[in-house]
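*Asks:* give me a model of this one.
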Amino acid sequence: MHCRPIIGLDGTHLKGKYLGILLTATTIDAQDALFLIAFGVVITENDDNWCSLLQSLKDVLRHTDPLIFILDRQKGLVDGVMLVFGNDTSHGYCMRHLLDNFRKAF
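*Replies:* Numbering: from 1, shown residues only. Sure thing, here's the model as predicted:
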């Protein structure tokens, strides 16, 4: 309720005893700290798994203002956000991921 209407979506590989990919949705709370609002552990990072997490997120959110999503340019993630949350949401790309991709390409 007291968090900003900006949600960061990202996935990271789990290593060690338990393998898989951790998908997360985070925001910033009233004290300017990161706040985890949803997560899921999956075998692969694909459109179906992201849509499932996004649908679960939508089911528990009570936010009436339009949301802004920060993405890592994962293929299909923009489509998943638009599919689940509709056209009244905005999205942007994480500058860190853009910089990493730029360095890899050039």
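*Asks:* let's see the pLDDT reported for the residue with the largest distance to the centre of the chain.
*Replies:* Distance from the centre of the chain peaks at Phe106, with 26.5 Å (C-alpha atoms, centre = their mean). Here, the pLDDT recorded for Phe106 equals 84.
*Asks:* and Leu54, by the same measure?
*Replies:* 91.
*Asks:* tally of neighbours for it?
*Replies:* Counted with other C-beta atoms under 10 Å, residues neighbouring Leu54 total 22. All C-beta spots, glycine's among them, are computed from the backbone N, C-alpha and C.
*Asks:* go on, Ile7?
*Replies:* Residues lying near Ile7 (other C-beta under 10 Å) number 26.
*Asks:* and what of Arg62?
*Replies:* 5.
*Asks:* that one in helix, strand or coil?
*Replies:* coil (DSSP: H, G, I helix; E, B strand; the rest coil).
*Asks:* how much space separates it from Gln31?
*Replies:* In this view, Arg62 and Gln31 are 20 Å apart by C-beta to C-beta, to the nearest Å.
*Asks:* who's in contact with the closest residue to Thr89 other than its chain neighbours?
*Replies:* What sits nearest to Thr89 in space, not counting adjacent residues and going by C-beta to C-beta, 6 or more residues apart in numbering, is Leu67, at 5.0 Å. Taking C-beta atoms under 8 Å, 6 or more residues apart in numbering, we find Leu67 in contact with 5-7, 61, 85, 89-90.
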